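**Student:** Generate coordinates for the sequence data below:
(2 chains)
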There are 2 protein chains.
Amino acid sequence: MTDTFTVDTKRMLSDLDALRGIGQVSTGVVRQAFSEADIEARSWLVRRMEEAGLEVSVDALGNVFGLPPGNAPALLVGSHSDTQPEGGWLDGAYGVIAGLELARASLEQGGPAIACVSFQDEEGRFGNLIGSRYCAGSLSLEEADKGCDDNGLSLAEARVIRARLPAPRDVSPERFHGFLELHIEQGGALDLAGEQIGVVEAIVGIRTERMRFCGQQNHAGTTLMHLRRDAFQGLVTMASRINERLAGVATPATVWTIGRVDLQPNANSVVPGRADFTIQWRDAEESRLDQMRDILYSTCEEVAGEMGLSWERFGCDSLPPTLSDPGLVGALSQAAGQLAAGKWRVMTSGALHDAANLSLRMPMAMLFVPSIAGISHSFAEDTAREDLELGLRVAAGAVCSYCRSRV
Amino acid sequence: MTDTFTVDTKRMLSDLDALRGIGQVSTGVVRQAFSEADIEARSWLVRRMEEAGLEVSVDALGNVFGLPPGNAPALLVGSHSDTQPEGGWLDGAYGVIAGLELARASLEQGGPAIACVSFQDEEGRFGNLIGSRYCAGSLSLEEADKGCDDNGLSLAEARVIRARLPAPRDVSPERFHGFLELHIEQGGALDLAGEQIGVVEAIVGIRTERMRFCGQQNHAGTTLMHLRRDAFQGLVTMASRINERLAGVATPATVWTIGRVDLQPNANSVVPGRADFTIQWRDAEESRLDQMRDILYSTCEEVAGEMGLSWERFGCDSLPPTLSDPGLVGALSQAAGQLAAGKWRVMTSGALHDAANLSLRMPMAMLFVPSIAGISHSFAEDTAREDLELGLRVAAGAVCSYCRSRV
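**Tutor:** This next block holds a predicted model:
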């Protein structure tokens, strides 16, 4: 076994273009989990892995693994090949093909043991990142099967199409000593700064609360302003105040979003009696997430008291922050420093990724390349080819030094 | 013909209770325009009018008139007997039965010529106050027939049930020299002040605008706060600012309402790219309605500029304010001063009423009695019986003096 190997960036771009062709629509891709295009893409991946001499395992959920021969623990590299309903060509696909090239090049050149993977349904057609959760052992097939898409189709029904892939053979996470995920940033920080590489030291935690202000539904003509208990005005006042208050505890990377609002009765001539909304906040530190929650609750309480409203919570979906492995972060930083001097940074990921689920079972890190204008989940999503190539080379350098350090 | 007559308040209450029984649900009434219950109520009204010696005309739209014998111009008194999908027992019904009692008592006692009416579909199942608009000649039957209810049923289809009423005979507005409408206030001003009578000097004008803020739909995790163009946050900022600015030009009776909000894509994890909303504002003076519009537009422009958004308008529904007739207002005020000393006020109506449509063809005024706790369009809607009786007696006094003054 040799310490180093070199990747073929042109071969990676060629494979990436080929994958783009499966489900391509305009400049984007429509390849939702368990669609015809998704299964076609997974079958193509199986063939490419086999051609590279990797041993293919496709588990019951449709996660496609390419494993190096032998039983030595391998570094797993990958992402997902399913897309949003209107997806970009790089979201997930870049990490999958980068993983394929790393596993292939290393195998060809007698480098360290590298496996590659395409997880299933990262984009949430049937649930949240169910492929990597299943792989990490935190979601059973039985539970996953209950998930339904927006049309009410269950995963159990949709999974029938999986029969076109090789017979199910699950892969134990014990087979891997670490996980690396290359991904586009999906935000604008790198692009705006003219940087090429982001080394992810943490994936943010996410809290999502469904909440409600209740007031008094009333006639919009006869109810004088000072007699109103307008649920939407409660939301307006609360939203204004938390913007100021959360800014006081936020880091530059902290975000919060009111993404969903549903008024009752939602009519021109009626003072809203009820305002349902969701608020989501993200940060890399659990204690700051708690601080933000406290500000949110106390502001709701204050506004409700002042405006004669009541407020309710309907539970909080909570995903804790995930820390990358310092050894992997160090290896990535060293390689980035050599290959992208002055054009890289250590950063947090504001988006959730499969890597967060794998981190429960093994050391994990991520590498970001820029998204042009920060655009993702859109046909317009793109990254300079030069940056895609550089990302792969940085990863190769990091993988070599990291695997060497483990020996 | 005698100058004065006295009303039988117990007979009015008895008729009001009988009408309540048609379509009664719990303490409220479900009697939407052209429902079985509505037609049953109109048939009952026809019989009560005939028993009183009034000549009944039911026009093509189902407006039911009770006319005094002879061709002398009469004062028309009435309202509507259709209800909201979940209506109160007094909204409309009080004015209809008060009109019946005034016409009946005056006819019995040789008083002035008084006609009574129940207009059809004031509550807007098939359109806006179509019965009184048809009566005033501002809406043709052909146009009205195109209106549809929430289930897509057209008025042309729904009107088949009208066949159960007497054959259509339209009534010319020339037949009347004025219109008086008794109604519950539907707001809380009288009840809160412990007053019993409101003399309506104007019905507010109503502007309803459909508007939109457009920003950039984006990922709620990867899009940093300072890079966002969040359409909902635009609405929040605009709504906060106009609350302050409109308060600067408002009278105590001026109102504004954001009643409808629809976000795109309305998802937990997506920065809203679009916020559609309606804003409605009401005031008795056209110039103030214009001022409010200017504040609204300039605030939208300002907020859009600051937050990197665009804004659009999709047209404004505009109903001008309507002034009551000074002669009728004077007669009502004089009677209120005598019968409810210290417990009445001159006020504007924040709600639209059939009287606004009649005002295009004849002098008009309205008389309000209190709504307990300001509740209306609800099964809980109620008014003290004492106040219902007092309203009728004030109206009778006013009608006598007004008709005397015309001779």
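**Student:** for the stretch 251-400 of chain A, what spans make up the strands?
**Tutor:** Per DSSP state E, counting those that start in this stretch, the stretch 251-400 of chain A carries strands over the ranges A:255-264, A:270-271, A:274-283, A:310-319, A:322-323, A:344-349, A:364-369.
**Student:** tell me what the second one is packed against?
**Tutor:** When contacts are defined as 3 or more C-beta pairs under 8 Å, 6 or more residues apart in numbering or on different chains; DSSP states H and E, strand A:270-271 packs onto strand A:218-219, strand B:255-264. Every C-beta, even on glycine, is put in place using the N, C-alpha and C of the backbone.
**Student:** Quick one: closest of the strands of the stretch 251-400 of chain A to residue B:160.
**Tutor:** Residue B:160 sits nearest to strand A:270-271 of all the strands of the stretch 251-400 of chain A, at 30.7 Å, using C-beta to C-beta.
**Student:** The closest one pairs with which strands, parallel or anti?
**Tutor:** Looking at strand A:270-271 with DSSP bridges, its partner strands are strand A:218-219 (antiparallel).
**Student:** Quick check: next helix or strand after the strand it pairs with?
**Tutor:** helix A:231-247 (DSSP states H and E).
**Student:** Let me see the residues that make contact with that next one.
**Tutor:** For helix A:231-247, the external contacting residues (C-beta atoms under 8 Å, 6 or more residues apart in numbering or on different chains) are A:212-215, A:254, A:256, A:258, A:261, A:263-264, A:272-275, A:277, A:281, A:292, A:295-296, A:299-300, A:302-304, A:306-307, A:309, A:311, B:225, B:232-233, B:235-237, B:239-240, B:243, B:258-259, B:261.
**Student:** Mind checking which of these are buried?
**Tutor:** A:212-215, A:254, A:256, A:258, A:261, A:263-264, A:272-275, A:277, A:281, A:292, A:295-296, A:299-300, A:303-304, A:307, A:309, A:311, B:225, B:232-233, B:235-237, B:239-240, B:258-259, B:261 (16 or more other C-beta atoms under 10 Å in any protein chain shown).
**Student:** residues touching the spatially most central residue of chain A, list them.
**Tutor:** In chain A, the C-alpha nearest the mean C-alpha coordinate belongs to residue A:353, at 3.0 Å (C-alpha atoms, centre = their mean). Residues in contact with residue A:353 (C-beta under 8 Å, 6+ apart) are A:79, A:122, A:129, A:181, A:183, A:203, A:366.
**Student:** Show me what the host helix or strand of the fourth one packs onto, helices and strands only.
**Tutor:** Residue A:181 is located in strand A:176-184, with elements delineated by DSSP H and E. Counting contacts by 3+ C-beta pairs under 8 Å, 6+ apart, strand A:176-184 is packed against strand A:74-80, helix A:93-108, helix A:354-358, strand A:364-369, helix A:385-406.
**Student:** Can you lay out those as a markdown table showing mean neighbour count and distance to chain B?
**Tutor:** What follows is the helices and strands packed on strand A:176-184, written out as a markdown table (neighbours: other C-beta atoms under 10 Å in any protein chain shown; distance: least, C-beta to the nearest C-beta, whole Å):
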| stretch | mean neighbour count | distance to chain B |
| --- | --- | --- |
| strand A:74-80 | 28 | 15 |
| helix A:93-108 | 26 | 15 |
| helix A:354-358 | 26 | 12 |
| strand A:364-369 | 28 | 10 |
| helix A:385-406 | 21 | 16 |
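**Student:** okay, the ones you listed in CSV with mean pLDDT and distance to residue A:10 next?
**Tutor:** What follows is those, written out as CSV (pLDDT from 0 to 100; distance: least, C-beta to C-beta, whole Å):
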stretch, mean pLDDT, distance to residue A:10
strand A:74-80, 98, 19
helix A:93-108, 98, 10
helix A:354-358, 97, 27
strand A:364-369, 98, 17
helix A:385-406, 96, 8
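**Student:** got the ones you listed as TSV, with distance to residue B:27 columns?
**Tutor:** Converted to TSV, the helices and strands packed on strand A:176-184 look like this (distance: least, C-beta to C-beta, whole Å):
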stretch	distance to residue B:27
strand A:74-80	58
helix A:93-108	63
helix A:354-358	55
strand A:364-369	63
helix A:385-406	70
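**Student:** out of these, which comes closest to residue B:345?
**Tutor:** Here helix A:354-358 is closest among these (C-beta to C-beta), at 64.9 Å.
**Student:** what's the neighbour count on the closest residue to residue A:190 other than its chain neighbours?
**Tutor:** Of all residues not flanking residue A:190 in the chain, residue A:370 sits nearest, at 3.9 Å (C-beta to C-beta, 6 or more residues apart in numbering or on different chains). Residues lying near residue A:370 (other C-beta atoms under 10 Å in any protein chain shown) number 27.
**Student:** Just the residues contacting stretch A:390-399, thanks.
**Tutor:** So stretch A:390-399 is contacted by A:5-7, A:9, A:12, A:75, A:77, A:94, A:98, A:101-102, A:105-106, A:112, A:114, A:180, A:182, A:196-197, A:328, A:331-332, A:334-336, A:338-340, A:344, A:367-369 (C-beta under 8 Å, 6+ apart).
**Student:** Let me fix that, I meant to ask about stretch A:295-305.
**Tutor:** A:209, A:211, A:213, A:234, A:237-238, A:241-242, A:245-246, A:249, A:279, A:281, A:309-311, A:313.
**Student:** Any of those residues buried? List them.
**Tutor:** A:209, A:211, A:213, A:234, A:237-238, A:241-242, A:246, A:279, A:281, A:309, A:311.
**Student:** mind giving me the domain split of chain A?
**Tutor:** A:9-203+A:322-406, A:205-319 (automatic domain parsing).
**Student:** Now the last one: average pLDDT?
**Tutor:** Here the mean pLDDT over domain A:205-319 is 96, rounded to a whole number.
**Student:** At the contact with chain B, which residues of the stretch 101-250 of chain A appear?
**Tutor:** Residues of the stretch 101-250 of chain A found near chain B (C-beta under 8 Å from any C-beta of the partner chain) are A:185-189, A:192, A:204, A:206, A:208, A:218-225, A:227, A:230, A:232-233, A:235-237, A:239-240, A:243, A:247, A:250.
**Student:** what's the spacing between the residue in the stretch 201-350 of chain A that chain B sits nearest to and residue B:91?
**Tutor:** Going by C-beta to the nearest C-beta, chain B is nearest to residue A:222 of the stretch 201-350 of chain A, at 3.2 Å. As judged by C-beta to C-beta, to the nearest Å, residue A:222 and residue B:91 stand 11 Å apart.
**Student:** so what sits against both of the two?
**Tutor:** Common neighbours of residue A:222 and residue B:91 (C-beta under 8 Å, 6+ apart) are B:186, B:376.
**Student:** Can I take it that residue A:115 is in a strand?
**Tutor:** Yes. Counting by DSSP: H, G, I helix; E, B strand; the rest coil, residue A:115 is found in a strand.
**Student:** Assess the claim that it and residue A:74 are in contact.
**Tutor:** Yes. The criterion here is C-beta atoms under 8 Å, and residue A:115 meets it with residue A:74 at 4.2 Å.
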